[in-house]
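Novice: I'll drop the sequence and a predicted model, then ask my questions.
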Amino acid sequence: MTWNDETRVVRADGTPVKVLVVDDEPLIAELLTIALRREGWHVSTARDGSSAMSAATREQPDLAVLDIALPDTDGLTLMHALRALSPKLPVLLLTGRATAEDRIAGLAQGGDDYVTKPFSLEEVVLRMRGLIRRSGVVTDLDRGRLVVGDLILDLYSHEVTREGRKVELTMTEFKLLGYLMQNSGRVVTKPQILRDVWHSDFDGNPNLVEIFVSYLRKKIDSGRRPMIHTVRGRGYLLQPR
């Protein structure tokens with residue numbers, strides 16, 4: 001099995017991609033964990049639906065790998081529950097069923113990809129790389145870019161463009177935009193932003209978030225279709241449309 005470092009991906013802030021692996025077979029979970037950690041990703045594991053939901057709430061994964069058959073539920077039911085927390089969460093389904101009907105059923109109910117057991121670890125990792133790249137919440141280490149719609153953020157040059165036009169941002173605005181892009185398609189709360197961007201506890205000033213979001217809107221959205229949205233009573237959401 002060969003691994004190509006040039007294809008590795010990270011989150012927008014340079015931290016590892018977060019993956020949730022849910023399988024009640026310890027050996028499969030262990031092998032996947034080893035393979036994904038070699039990618040530099042952070043892996044959480046669970047053996048049933050209940051512990052998977054707890055892990056997802058705690059870790060907020062960027063990608064989930066779900067076995068169809070679990071002790072307390074099935075993978076499709078769990079997938080829908082996870083999507084209630086994160087509507088655009090990419091999901092790779094694992095199953096021992098190899099029929100075309102099972103595959104079609106899994107994809108029809110919202111699975112992004114489907115792999116039958118036994119499987120090649122390298123194939124699974126390659127498929128997961130594709131899913132996480134298409135989700136638009138990561139950046140390639142070899143390119144150093146995060147892309148959401150027509151908005152591009154370059155981690156290394158600290159340049160931001162929208163519709164091909166350069167956008168001048170302060171360092172704090174850059175960090176906030178990177179965080180929102182990293183969580184594209186997810187609602188993030190003011191306390192989460194204070195914690196992860198300003199590294200403040202929950203007693204930080206939420207007005208600080210409102211002020212910097214307004215700065216970003218003027219620079220990113222002014223005269224264009226808005227990408228930064230306020231979800232009343234919950235927080236902020238960045239998405240292409």
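Specialist: Nice, thanks for sending it over. Numbers count the residues shown, from 1 in each chain.
Novice: so G178 sits right up against L153, yeah?
Specialist: Yes. Under the criterion of C-beta atoms under 8 Å, G178 makes contact with L153 at 5.8 Å. Just so you know, the C-beta spots here come from the backbone N, C-alpha and C atoms, and that holds for glycine as well.
Novice: out of the two, which sits in the busier spot?
Specialist: Higher neighbour count among G178 and L153: L153, with 25 against 22, using other C-beta atoms under 10 Å.
Novice: got the domain boundaries for this structure?
Specialist: The chain breaks down into these domains under the TED database: 18-135, 145-238.
Novice: Assign G111 to helix, strand or coil.
Specialist: coil (DSSP: H, G, I helix; E, B strand; the rest coil).
Novice: Need the domains of the chain in a markdown table (columns: mean pLDDT).
Specialist: Formatted as a markdown table, the domains of the chain follow (pLDDT from 0 to 100):
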| stretch | mean pLDDT |
| --- | --- |
| domain 18-135 | 87 |
| domain 145-238 | 87 |
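Novice: Export these as JSON lines, with columns for distance to R11.
Specialist: Conversion of the domains of the chain to JSON lines gives the following (distance: least, C-beta to C-beta, whole Å):
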{"stretch": "domain 18-135", "distance to R11": "7"}
{"stretch": "domain 145-238", "distance to R11": "5"}
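Novice: Could you name the stretch from those that's closest to V10?
Specialist: Nearest of the domains of the chain to V10, taken as C-beta to C-beta: domain 18-135 at 7.1 Å.
Novice: Quick check: chain neighbours aside, which residue is closest to T172?
Specialist: Of all residues not flanking T172 in the chain, F212 sits nearest, at 6.2 Å (C-beta to C-beta, 6 or more residues apart in numbering).
Novice: ok, now which ones touch that neighbour?
Specialist: T172, E173, L176 (C-beta atoms under 8 Å, 6 or more residues apart in numbering).
Novice: hang on, the second one packs against S214?
Specialist: This means E173. No. When contacts are counted by C-beta under 8 Å, E173 is not listed as touching S214 (10.7 Å).
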